[in-house]
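Colleague: I would like to see how this sequence folds:
(one chain, ligands or ions: 1)
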Amino acid sequence: SLLVLCGRSPPLRVSLFPRVLLGELEAHQDAWPFLLPVDQRSVPGYRKVIRRPMDLSTIRGRVSSNQYPDTEAFLSDLALVLDNCERFNEDRSEIGRAGLRLRSFLERRWAQLLQQS
Ligand SMILES: Cc1nnc(-c2cnn(C)c2N)n1CCCn1ccnc1
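Modeller: Numbering: from 1, shown residues only. As a prediction, the model looks like this:
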């Protein structure tokens, strides 16, 4: 097709970006703290400190059932996962460091996807 002739990879439709990005985040080596909801009964203080818990499986459920009205709503849930992590965990802790690395991956990857569009 013409796109092959131009040597460009066909642009992913922007609306597919959340699914592409979420799949890569779930597979990321630093995603382990965020794959499932924090078990608030077993983590002292979490329920009091973190008013809006969020995790990648909850986001996956919302993406799969088309609950996000727009891309911004999806990105704000992703940001909530990482903001909660920074609030509850020291930057130098295992979980804190995983959150910072996952955030930097997310920011770089999202910018790449937008350049493709
Ligand atoms: C996400 C997240 N933020 N804080 C925690 C957490 C859970 N327990 N403690 C003491 C924390 N600071 N989490 C959930 C991490 C879930 N996890 C821990 C080991 N494997 C998954």
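Colleague: and the closest residue to the ligand within the chain, how many neighbours does it have?
Modeller: Nearest residue of the chain to the ligand, counting by CB to the nearest ligand atom: residue 33, 3.8 Å away. The C-beta positions use only the backbone N, C-alpha and C, and glycine is treated the same way. By other CB atoms under 10 Å, 19 other residues sit near residue 33.
Colleague: excluding its backbone neighbours, what's nearest it?
Modeller: Among residues not flanking residue 33 along the chain, residue 95 sits closest, at 4.6 Å (CB to CB, 6 or more residues apart in numbering).
Colleague: Make sure the one you found is actually in contact with residue 89.
Modeller: Yes. Taking contacts as CB atoms under 8 Å, residue 95 lies within contact range of residue 89: 4.6 Å.
Colleague: can you pull the contacts of the residue nearest to residue 33?
Modeller: By CB atoms under 8 Å, 6 or more residues apart in numbering, residue 95 lies in contact with 33, 85, 89.
Colleague: per-residue confidence at the residue nearest the centre of the chain?
Modeller: Nearest residue to the geometric centre of the chain (CA atoms, centre = their mean): residue 78, 4.1 Å. At residue 78, the model reports a pLDDT of 98.
Colleague: contacting residues for the residue of the chain closest to the ligand?
Modeller: 85, 95, 98, 99.
Colleague: Check which helix or strand the first one maps to.
Modeller: Using DSSP states H and E, residue 85 sits in helix 71-88.
Colleague: Relative to residue 19, how far out is residue 71?
Modeller: 11 Å (CB to CB, to the nearest Å).
Colleague: Mind naming the longest helix for the chain?
Modeller: Under DSSP state H, the helix in the chain containing the largest number of residues is helix 94-116.
Colleague: Which positions in this protein make contact with the ligand?
Modeller: With CB under 6 Å from any ligand atom as the criterion, the chain comes near the ligand at residues 32, 33, 34, 38, 43, 85, 88, 89, 95.
Colleague: make it 5 Å
Modeller: Residues of the chain lying near the ligand by CB under 5 Å from any ligand atom: 33, 38, 43, 88.
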